[in-house]
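> okay, sequence plus prediction incoming.
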Amino acid sequence: MTQIDSFREEVKQWLDDNCPASMRAGADPETPLDEVWGGRKAVYKNPESKVWLDRMGAKGWTMPTVPSEYGGGGLSKEEVKVLNEEMFAIGAKTPLLSFGIWMLAPVLLEYGSEEQKKEHLPKIIKGEIRWCQGYSEPGSGSDLASLATKAEDIGEHFMVNGQKVWTSYADKADWIFALVRTGPKEPKHDGISFLLIDMETNGVSTKPITLISGKSPFCETFFDDVKVPKSNLIGQLNAGWAIAKALLQHERAFISNFGLAAAVGSKKDLVTIAKKHIGEENGKINNGFYRSEIASHKIKEHAFGLTLQRAGDEGGKASATASMFKLYGTEHNKKRHELMIAAMGTDGVAWDGDEFDDSDKNLTKAWLRTKGNSLEGGTSEVQLNVISKRVLGLPS
Amino acid sequence: MKLILNEEQQFLKDTAKNFAEERTPINHFRSLRDNKDNLLWDKDTWKEMVNLGWSGILIPEEYGGSNFGLAGISVILQECGKTLTPSPLFATGVLGAYAISQYGTEEQKKKYLPQIANGEITTAIAIDESSHHNPLNINMPAVLKDNSYILNGKKVFVVDGASADLLIVVARTSGKTGDSTGLTLFLVENNQPSINVVKLDMADSRNYANITFSDITVQKENILGDVEAGGEAIENILDIGRIAISAEMLGNTEAAFESTISYLKERKQFGVLIGTFQALQHRAAEMFCEIELTKSSIMAAMQGADNNSNELQRLASLAKTMAGETLHLVSNEAIQMHGGIGVTDEYDLGFYLKRSRVVEQIFGCSKFHTERYANISGF
């Protein structure tokens, strides 16, 4: 048996022993499904969600490629592939959703000091600390580098004052990674630093923002004379913009993958919905206009999926193409939801009450939520700017 | 199956790129058009392509070919497409070579494949009978009489039909219009007085013909594949052709796009480069993304063909749709972004627009293939 084969056997056995029944495909539909984000304030409706997270976290398999000295799995790419395949084979649920994993950890690995990596990475990997992202401000959206939240040097500490907006789940998070202005006199890109702030510090407060979907995944976050230890600075003072951009690439990749991943899954399959609500004849959606629009969309989605695959096969030249994936992933997701609610007719715009199925009402909310996909993490227009300048080399 | 070229395919692509740049820059096509050349491709240039082994890429080694596969010949067509290189490579090297290699009897292979590989003959495939591609709509009868078949009828828009030595004719041996059964493929040598070839003058100045067959007798040994089994064979041959022509269209697209991006970086108006205008930048970026999606679709289709994918039909329709839509978009935007110079005959860009609209029709336009994609996908 080769090394990789014996690793596969090991993984199979471990999953068999450790993945709780309700965390696998075919689990009892009555068991509540948690979206597990971890952190100090986490509440688990299903205790097995917590068991699964703790076990995977202890193995470091929530971030399998991270070296074990930082709490990660220390696995090779080949081993990660095996792990994913074996988890997929039993339909194992992702143990932890985390901005820490998707965004912060990769930049900590690249820019953090040894102490910072040892301090923060294990807690991210075990899901002990939930992170949120402090980037946008009321006056700084697409023009992010104009941000004004300031961090003044007061000796041992920075004194932070200002406001962030669109901080996802700030009310549920334990720590925030924030861009702050440390060099008010420097050119705008050269006066920004990347700072980690404990949300329990005096002077930090949050206020949820209700969206058009009726949900509140985002908050405003206020900093009022917040004292932050200088050891929480990542990288050099005033050199935060490069880190900010590196993190954005990770964020864009994650948003575009998330959009595409959401496109699969039979419950919200566009064709199934169209056949059910519009009707079918000999297996064809029996309205030619819907059918043609759906076919065009499916073709684009197919081509997009192949492009993600090709980028992987080419060895993932991430940076420039990340913008393309973010742009298309989100625009396709929006289009797909528009087509789904249109195919559902009036059921597609149901809001509340017993006359409608939960899945109909949820789809209405999901459709409204997609409108934010092409805004968060850099608008579609910003992605087009990035492509035209960095890929095509068009002049400024 | 990886969506990247292997070393061999990359080598063929590089060779073709050099060839197109050095031997057939776009002026090569322009002079054929200006001189109202009879073939609309150049015999000496074709000879050079044959000497590079390109006509034998889809032919097994025992018949004089190299068997490098569809991806190999597709990347050559892509590079040739950049300079609009006209040649029999598509109709002969892809369609004829594939059809006979795949469906021919031992005698047919021995007779024709070496002749294709060494450039002695060119081929064409005669399918459609109206201005919209649809192989099911074939009506032309082939009637059995005294152990041979008698063909009567007219085929239109036969690619390279004005010059081909050997025709592959799809005709109906039974059934009626719309049936996928009852079709049979015939090998017909194009040297008989009762075959009337009328050369077409199309917008892209390439080689096409309408061909009328009057009481043409075809012996049974010249049936390609099995009698009545032509419906399946022709779809398969067409899918290979659709993927290859999509690659050529991608080459057309890339050249028109590259020329446009260069123009945005050199043309000044209002005292600045027009490439600084966001109205143009965003459209250029959108084209870039569409081209990337098209590349992936064609890559998946041609690698799929070479790896016996059971998704071949769907991938072929995906590739032809994406190639058609993207070339359509880019050929229009290229003209608009070039401004007035783009609509002059002196400038080369118009050639891409004209080629676009004709090649979009070859073996099914985007609408045909979008519908086919939906059918295959089960909705």
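Okay, I see it. Numbering: from 1, shown residues only, chains lettered A, B, ... in the order given.

> can you give me the helices for the stretch 51-200 of chain B?
Assigned helices in the stretch 51-200 of chain B, in chain order: B:70-82, B:97-103, B:106-117 (criterion: DSSP state H, counting those that start in this stretch).

> any chance of these in JSON lines, with mean pLDDT, distance to chain A and mean neighbour count too?
To be clear about C-beta, it is placed using only N, CA and C from the backbone, and glycine gets the same treatment. Rendered in JSON lines, the data for the helices of the stretch 51-200 of chain B read as follows (pLDDT from 0 to 100; distance: least, Cβ to the nearest Cβ, whole Å; neighbours: other Cβ atoms under 10 Å in any protein chain shown):
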{"stretch": "helix B:70-82", "mean pLDDT": "98", "distance to chain A": "14", "mean neighbour count": "26"}
{"stretch": "helix B:97-103", "mean pLDDT": "98", "distance to chain A": "23", "mean neighbour count": "23"}
{"stretch": "helix B:106-117", "mean pLDDT": "98", "distance to chain A": "32", "mean neighbour count": "18"}
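
> closest one to residue A:92 among those?
Distance to residue A:92, taken as Cβ to Cβ, is lowest for helix B:70-82 among the helices of the stretch 51-200 of chain B, at 36.8 Å.

> how far off centre is the closest one?
For helix B:70-82, the distance from its own C-alpha centre to the chain's C-alpha centre is 10 Å (Cα atoms, centre = their mean, to the nearest Å).

> domains for chain A, by residue range?
With domains defined by automatic domain parsing, chain A comprises A:3-103, A:131-238, A:243-391.

> the last one: end-to-end distance?
Distance across domain A:243-391, first residue to last, is 20 Å (Cα to Cα, to the nearest Å).

> wait, does it contact chain B?
Yes. Judged by Cβ under 8 Å from any Cβ of the partner chain, domain A:243-391 comes into contact with chain B through A:271, A:274-275, A:280, A:283-285, A:291-292, A:294-296, A:298-300, A:302-304, A:306-307, A:309-310, A:313-314, A:321, A:324, A:327-328, A:381, A:383-385, A:387-389, A:391.

> distance between that domain and the chain's centre?
A distance of 15 Å separates the C-alpha centroid of domain A:243-391 from that of its chain, computed with Cα atoms, centre = their mean.

> now for the closest residue to chain B within the stretch 51-200 of chain A: which residues touch it?
The nearest approach of the stretch 51-200 of chain A to chain B comes at residue A:142, 12.4 Å away (Cβ to the nearest Cβ). Contact partners of residue A:142, counting by Cβ atoms under 8 Å, 6 or more residues apart in numbering or on different chains, are A:378, A:379, A:381, A:382.

> highest neighbour count among those?
If you count neighbours using other Cβ atoms under 10 Å in any protein chain shown, the busiest of the contacts of residue A:142 is residue A:378, which has 25 neighbours.

> wasn't that residue part of a helix?
No. Per DSSP: H, G, I helix; E, B strand; the rest coil, residue A:378 lies outside any helix segment and is coil.

> tell me the pLDDT at it?
Confidence per residue is given as pLDDT, and for residue A:378 that number is 86.

> with residue A:89 instead?
Residue-level confidence at residue A:89 comes out at 89, pLDDT.

> that one: neighbour count?
12.

> re the thing from before, checking the residue of the stretch 51-200 of chain A closest to chain B next. Helix, strand or coil?
coil.

> tell me the spacing between the nearest residue to residue B:24 once chain neighbours are set aside and residue B:54.
Counting by Cβ to Cβ, 6 or more residues apart in numbering or on different chains, residue B:24 lies nearest to residue B:85, which is 4.2 Å off, once chain neighbours are set aside. With the distance defined as Cβ to Cβ, to the nearest Å, residue B:85 ends up 11 Å from residue B:54.

> same check on residue B:214?
35 Å.

> more neighbours, the two?
Comparing residue B:214 with residue B:54 by neighbour count (other Cβ under 10 Å), the higher total belongs to residue B:54, at 28 against 14.

> okay but that one is in contact with residue B:89, surely?
Yes. Look at residue B:54 against residue B:89 with Cβ atoms under 8 Å: they come within range, at 6.0 Å.
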